[in-house]
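Chemist: need the 3D shape of this:
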Amino acid sequence: MLNIHVNDDCLFVKSIDRTSIKKIYSIYTNSNDFKYATGIFQPIGYEQFANNLSQFIQRENVFFLHVRLHSGETIGLVKGIVIENDNIVWINSMVIDTPYQGRGYGRRVIGLLEDYFRCDSMARRIYLSVFKPNTVGVRFWKKCGFDDCNQFPGRKTVKYNDTVQIMYKLL
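Modeler: This next block holds a predicted model:
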C-alpha cells in the first residue's frame, strides 16, 4: 500500500492504520447512504470487511485513506490505485460521512489529493466511475472539475452502460 499523508489547516488525509480501521468500518456499515460510493449494497460484517481490507492493502500501488478533522473526528475515506505506467490515478471510493457533507470537505480532500498526485507520483489524470443513479455523486464530481470520459489512453473509446459513468480530470 502506498503511504500517503496530506493535510491542510482543517483536514488530515492519510493512509489507514490499525486505529482508523474501526472508524472507517462504521462508514461501510451505512450501506443505505454510501452503497454507490463503496460498492457495498448490504451490511457487511467486521470480519469480512477486515479480510477484504487486508487483501486490498497488500498490493503495492493502492491507497486507502482515512479522512479526519484536526479535532480527531473521522469524516470519510478515499480508496484507489495508481497506475504508474500510464500516469493515472483511479479513485475507487470516496465518502464523506453524512453529517459532514455540504461543508466543502469533499472538495478539499480531492484538492489535496490532486496536488499530491501531481507532484509526488507524476500522475497526469485521475479517473473514477460513478453510478448514474447517484445524481448527488455525479454533481459532486462535476463541481470538482471532472468531465465525462469517452477515451482512455491507448484505447479508442470507452463503452458506457446504463448505470456507470466514467469521469476524469487532467492534472
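Chemist: which parts of the chain are strands?
Modeler: Assigned by DSSP state E, the strands in the chain fall at 5-7, 11-15, 62-69, 74-83, 88-96, 125-131, 147-148, 164-170.
Chemist: nearest to Phe41, out of those?
Modeler: Distance to Phe41, taken as CB to CB, is lowest for strand 125-131 among those, at 10.6 Å. For glycine as for every other residue, the C-beta is placed from the backbone atoms N, C-alpha and C.
Chemist: quick one: contacts of the closest one?
Modeler: Strand 125-131 has contacts (CB atoms under 8 Å, 6 or more residues apart in numbering) with 36, 87-92, 94, 113-114, 117, 137-138, 141, 146, 149, 152-153, 163-171.
Chemist: what does stretch 163-171 give?
Modeler: 114, 117-118, 123-133, 138, 141-142, 144-149, 158, 160.
Chemist: how about the helices in the protein?
Modeler: For the chain, the helices defined by DSSP state H occupy 18-28, 31-38, 46-57, 105-120, 135-143.
Chemist: and the first one with strand 88-96, angle?
Modeler: Taking axes from the mean of the first three to the mean of the last three CA atoms, to 10 degrees, helix 18-28 and strand 88-96 form an angle of 70 degrees between their directions.
Chemist: now helix 18-28: buried residues?
Modeler: 20-21, 23-24, 27-28 (16 or more other CB atoms under 10 Å).
Chemist: before we move on, what about the last one?
Modeler: Judged by neighbour count using 16+ other CB under 10 Å, the buried positions of helix 135-143 are 137-138, 140-141.
Chemist: and the fourth one, by the same measure?
Modeler: Neighbour-count burial for helix 105-120 flags 105-106, 108-110, 112-114, 116-117 (criterion: 16+ other CB under 10 Å).
Chemist: how about the third one?
Modeler: Of the residues in helix 46-57, those buried under the neighbour-count criterion (16+ other CB under 10 Å) are 49, 53, 57.
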